[in-house]
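K.L.:
Starting from these lines, generate the structure:
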Amino acid sequence: MKGIVFTEFLEMVESSFGLEVVDNIIENSELPSEGIYTSVGTYDFNEMVHLITNLSTEVSVPMNDLIYTFGLYLFTSLGKAHPEVIQSYNSPLALLYSIEDHIHVHVKKLYPDAELPTFKILEKTDTSISMIYSSSRGLYRLAHGLIEKTFEHFNGSAQISYELLKEDGTEVKFDVTQNG
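P.N.:
Predicted coordinates for the structure are as follows:
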């Protein structure tokens, strides 16, 4: 997993819960990296699992809720780091429709060894999109947060529902309908 995800996660934890919580979750996670990340480095996904698990225990918030909140946070961070990607679009649905063909292509240029989820578009209209998220990591709640924040970025909102096609969350169908 790319280091930028780790650095942004720890920044979110610090801004939401404080530096002491960051120190505690790193200390309790027994990480090969010792919790020292660079945005361009690559780290074992299991380190993120340990950090999220320990954060959940530390702050008594369910893991999936923390992952969703991180998705909301990550959109803003990535938007600041790579504004050119988001500026290419004039609507949230256009951005979502282009995840595979444009955004992930751009990410792969920056981070060639990044392991990205896939989004297969099932149906798109002027006001809705249906797609299947697939990832061995099962971070569909992260995707949910990113999708929701996409609409907020464009000063809109949407009804977002999801259905686990595989119980472990590695394949999830998202149905998104833009409000008003």
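
K.L.:
Can you verify residue 162 is assigned to a helix?
P.N.:
No. Counting by DSSP: H, G, I helix; E, B strand; the rest coil, residue 162 is located in no helix; its state is strand.

K.L.:
Near the closest residue in space to residue 173 that isn't next to it in sequence, how many other residues are there?
P.N.:
In this structure, residue 173 finds its nearest non-sequential neighbour in residue 163, 4.7 Å apart by C-beta to C-beta, 6 or more residues apart in numbering. For every residue, glycine as well, the C-beta is placed using N, CA and C. Neighbour count of residue 163, defined by other C-beta atoms under 10 Å: 10.

K.L.:
same deal with the one 10 residues further on?
P.N.:
For residue 173, the count of nearby residues is 16 (other C-beta under 10 Å).

K.L.:
my read is it is in a strand, agree?
P.N.:
Yes. According to three-state DSSP, residue 173 belongs to a strand.

K.L.:
Poorly predicted segments of this structure, please.
P.N.:
Applying pLDDT under 70 to the chain flags no residue at all.

K.L.:
ok, which stretches of it are helices?
P.N.:
Counting by DSSP state H, the chain has these helices, from start to end: 3-17, 19-29, 45-59, 63-81, 83-87, 92-97, 104-110, 140-153.

K.L.:
Give me the residues contacting the third one.
P.N.:
Residues from elsewhere that reach helix 45-59 (C-beta atoms under 8 Å, 6 or more residues apart in numbering): 1, 5-6, 9-10, 13, 17, 21, 24-26, 28-33, 61-63, 66-67, 137.

K.L.:
again, but for the second one
P.N.:
Residues from elsewhere that reach helix 19-29, judged by C-beta under 8 Å, 6+ apart: 10, 13-14, 34-35, 47, 50-51, 53-55, 57-59.

K.L.:
switch the cut-off to 6 Å
P.N.:
Here helix 19-29 makes contact (C-beta atoms under 6 Å, 6 or more residues apart in numbering) with 10, 13-14, 35, 50-51, 54-55, 58.

K.L.:
before we move on, the earlier item: please pick the buried ones from the contacts of helix 45-59.
P.N.:
Buried subset of the contacts of helix 45-59 (neighbour count, 16 or more other C-beta atoms under 10 Å): 1, 5-6, 9-10, 13, 17, 21, 24-26, 29, 31, 66-67.
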